[in-house]
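Participant: Provided below for reference: sequence and predicted model.
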Amino acid sequence: MTARRRYWLMKSEPDTFSIDDLARVGTEPWTGVRNYQARNFMRNSMQVGDGVLFYHSNCSPPGIVGTATVACTAYPDPTQFDRASHYFDPKATQEEPRWHMVDVTFERRFKRTVTLDEIKREADALGEDFALIRRGNRLSILPVTAAQWQHLLSLE
DNA sequence: GCCAACGTTGGC
DNA sequence: GCCAACGTTGGC
């Protein structure tokens, strides 16, 4: 039996890692998540083949720029053990890692950015509880329903 | 570069 | 276990 495909939105700052970077490398470990809720989505819920909306944040304009897929189930993020890394976590141990991540594989770059501004205008269709457009929400990884996925793709 | 929102930390 | 201080996110 094939697992049911789930959908996610993952934010990345294009200055750090953009959709074009992902297109170039093909598959990338999603290092550096240091938020428990975001980690839990990766560790507890992501499955191989899940759909990912790739979102550019902290740029102009912010928005969805393409799609990717989850390439593997979660495993410990090695940067937590690396003293030299910006993401080093002194409280993490090999025996008890704190931070897990998945690898993400490039699927497609949108012909254009579906901007946050446009997405906000679709609040009625997407639902007010959609975390991306909920006021003050800063989650870098959030779940997307099949209906939201379809609707967001239709905006391209 | 500003700053609102919010998560985390640590003193008590 | 409260909560102030602090750090980070991310839109603008």
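Facilitator: Yes, it's here.
Participant: ok and the residue in chain A nearest DNA strand B?
Facilitator: residue A:136 (2.0 Å; CB to the nearest atom of the strand). C-beta coordinates here come from the backbone N, C-alpha and C atoms, glycine included.
Participant: quick one, phi/psi of that residue?
Facilitator: Main-chain dihedrals, residue A:136, degrees, to the nearest 10: phi 80, psi 0.
Participant: Buried residues, the helix or strand hosting residue A:8. List them.
Facilitator: Residue A:8 is located in strand A:7-12, with elements delineated by DSSP states H and E. Across strand A:7-12, burial judged by 16 or more other CB atoms under 10 Å covers A:7-12.
Participant: With stretch A:134-142 instead?
Facilitator: Per 16+ other CB under 10 Å, stretch A:134-142 contains these buried residues: A:140-142.
Participant: what's the answer for stretch A:60-70, then?
Facilitator: Buried residues in stretch A:60-70 (16+ other CB under 10 Å): A:62-70.
Participant: wait, which of those is closest to residue A:34?
Facilitator: residue A:70 (19.5 Å; CB to CB).
Participant: tell me which residues of the longest strand anywhere in chain A are tucked away?
Facilitator: The residue-count maximum for a strand in chain A (DSSP state E) belongs to strand A:103-115. By neighbour count on 16+ other CB under 10 Å, the buried set for strand A:103-115 is A:103-106, A:109-110, A:113-115.
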